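Novice: what's the 3D shape of this:
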Amino acid sequence: MKAMILAAGLGTRLGEIGKNTPKVLLDINGKTVLELIVEKLLAGGFEDILINVHHHAQKVIDASRELMDKMDVNISISDETDELLDTGGGLYKARHFFDKQPFLVYNGDILSDIKLGTFYNYHVKKNALATIAVRNREGNRAFLVDSEGIVRGWTNRKSAVDIITIDKPMELFEIPSMALTVYDPEIFSFMEEGKYSMTSIILKATETGRVISFKYDRGYWIDIGTPEKLQEAREMI
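Specialist: Here you go, the predicted structure:
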């Protein structure tokens, strides 16, 4: 199975820590975030991995080569050195890496004990276009889902801006993303070249009724994008 790790971000929330070290190469008790993620992907059955790079790209490339020597995994690189394309544009640029099977996209600044194989199989069973892992947690942004877990919109809790993509009224529930998504390759028909967030594509795709959520409230989930959260991850994992 194939997966993509989004690792091109600038790490600005980390301040001085992120200036010379990409987020995926930060140390968590003797292992880099990248190594922990690759181990997680391998445990879930994902042996063919693509990583997009921009910030200190060569460092990530070199670390990826070391992991290939160390683990039974194939790692390819999508180079965004010339222009950072955001989550949507970056995924679309890499579309030729994927085949006709569903694939996983994993943000490179999160760690979780979610079972990725279970998550992937749920997507396949539901014949979804996109399956978003969600979790009750703090966060300014959240997806809006109906009682069956189908994604119907998005909200910015801080600015009280809602984007609802259905006409008929129904009760909707706010639940933030875990920055883990399984996509069917059909998602590329909603996309084009450019620089844009994947959230906009997900909202466009909700018209199919096949964008669903996978709720995971057990175990842990942590975004290591700030110095405080990075330290929390080191203490927890």
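
Novice: Show me what counts as buried in stretch 122-132.
Specialist: By neighbour count with 16 or more other C-beta atoms under 10 Å, stretch 122-132 contains the buried residues 122-123, 128-132. Every C-beta, even on glycine, is put in place using the N, C-alpha and C of the backbone.

Novice: Start and end of stretch 25-32, how far apart?
Specialist: End-to-end distance for stretch 25-32, by C-alpha to C-alpha, to the nearest Å: 5 Å.

Novice: Distance from it to the middle of the chain?
Specialist: Counting by C-alpha atoms, centre = their mean, to the nearest Å, stretch 25-32 is centred 19 Å from the centre of its parent chain.

Novice: Same question for stretch 116-135.
Specialist: The answer for stretch 116-135 is 13 Å, by C-alpha atoms, centre = their mean.

Novice: Contacts made by it with the rest, please.
Specialist: 1, 40-41, 43-46, 102, 104, 114, 143, 145, 151, 175-184, 186-187, 202, 205, 208, 210-217, 221 (C-beta atoms under 8 Å, 6 or more residues apart in numbering).

Novice: Do me a favour and get the end-to-end distance for stretch 88-98?
Specialist: Start-to-end, stretch 88-98 (C-alpha to C-alpha) is 15 Å.

Novice: which other residues reach that stretch?
Specialist: Residues contacting stretch 88-98 (C-beta under 8 Å, 6+ apart): 2, 4, 6, 8, 50, 52, 76, 78, 80, 84-85, 105, 185, 188, 191-201.

Novice: Tell me where the model's unsure across the protein.
Specialist: By pLDDT under 70, the chain has no low-scoring segment.

Novice: hey, where'd the helices end up in it?
Specialist: Using DSSP state H, the helices of the chain run over 16-19, 33-43, 57-70, 86-93, 116-126, 198-205, 227-236.

Novice: Out of those helices, the one nearest Asn136 is which?
Specialist: helix 116-126 (16.7 Å; C-beta to C-beta).

Novice: the inter-axis angle of that closest one versus helix 33-43?
Specialist: 50 degrees (axes from the mean of the first three to the mean of the last three C-alpha atoms, to 10 degrees).

Novice: mind saving the C-alpha coords of helix 116-126 as PDB?
Specialist: Listed next in PDB are the C-alpha coordinates belonging to helix 116-126 (Å, rounded to 0.1, in the frame of the first residue of the first chain):
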ATOM      1  CA  LEU A 116      -3.500   2.800  10.300                       C
ATOM      2  CA  GLY A 117      -4.400  -0.600   8.900                       C
ATOM      3  CA  THR A 118      -7.800  -0.400  10.600                       C
ATOM      4  CA  PHE A 119      -8.300   3.100   9.400                       C
ATOM      5  CA  TYR A 120      -7.500   2.100   5.800                       C
ATOM      6  CA  ASN A 121      -9.700  -0.900   5.900                       C
ATOM      7  CA  TYR A 122     -12.600   1.200   7.100                       C
ATOM      8  CA  HIS A 123     -12.200   3.500   4.100                       C
ATOM      9  CA  VAL A 124     -12.200   0.500   1.700                       C
ATOM     10  CA  LYS A 125     -15.200  -1.100   3.400                       C
ATOM     11  CA  LYS A 126     -17.200   2.100   3.100                       C
END
